[in-house]
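> Generate coordinates for the sequence data below:
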Amino acid sequence: MEKVKRKFRLNVLVSYSANLNINNYQNPIHSILKNFAWLYKLDYSIDSNTKVFDNIDIDSSFYSSIDLIYFRSSAESTIDLKGFQKIIKDVFSYSNPFISGVEVLYQIQKHLKEYPFPNNFIRPLNYPYLEIFEYGKSEIKIPKNDLDDLFPTSKMSN
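Now for the predicted structure:
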């Protein structure tokens, strides 16, 4: 895949309807979005049950919770903004029965300044490594689930 020269940001909103068990949807949707970050080498940060939209009264709203997922391209990214927007739109379209009661959409570009990319974020490296940036420092880690997949523990039989 060819690297993209023009850097971009994209914020993705995931809203869950009030009558939905969020536990059945949140982890799979986050996993899909994190896999896109791995695949296209995008920095990301997930703000689950975000409080950035304080002007929305969640108690009287159709939605019970909103997640905000920040994406940012890097020098290593292999997709452009329009391509990434198309993937989000296609995968999470309204016709997808898997996500009935969940809306996944991206934020309009002119509002990105109101929601800056966080200082704490994750940069996918070569699988299974992640570079975790927190408070101005970075560490390279392997997620536990990926480590378990690479080195499964087997029961010893007698």
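
> what's the helix or strand for Gly83?
Taking DSSP states H and E as the definition, Gly83 sits inside helix 81-91.

> Any idea how far that helix is from the middle of the chain?
13 Å (C-alpha atoms, centre = their mean, to the nearest Å).

> okay, which residue is most central for the protein?
Centroid-nearest residue in the chain: Leu33, 4.2 Å away (criterion: C-alpha atoms, centre = their mean).

> what residues does the lowest-mean-pLDDT helix or strand in the chain touch?
Least confident helix or strand, the chain: helix 144-150 with a mean of 80, by mean pLDDT, DSSP states H and E. With C-beta atoms under 8 Å, 6 or more residues apart in numbering as the test, helix 144-150 has contacts from Tyr127, Pro128, Ile142. Any C-beta I mention is one placed from the backbone N, CA and C, and that applies to glycine too.

> could you redo the last one with a cut-off of 6 Å?
Residues outside helix 144-150 that contact it (C-beta atoms under 6 Å, 6 or more residues apart in numbering) are Pro128.

> Using CSV, list the CA coordinates for that helix.
Extracted in CSV, the C-alpha atoms of helix 144-150 (Å, rounded to 0.1, in the frame of the first residue of the first chain):
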residue,chain,number,x,y,z
LYS,A,144,-2.8,-9.1,26.3
ASN,A,145,-5.4,-10.6,23.9
ASP,A,146,-2.8,-10.5,21.1
LEU,A,147,-0.1,-12.0,23.3
ASP,A,148,-2.5,-14.8,24.3
ASP,A,149,-3.2,-15.5,20.6
LEU,A,150,0.5,-15.6,19.8
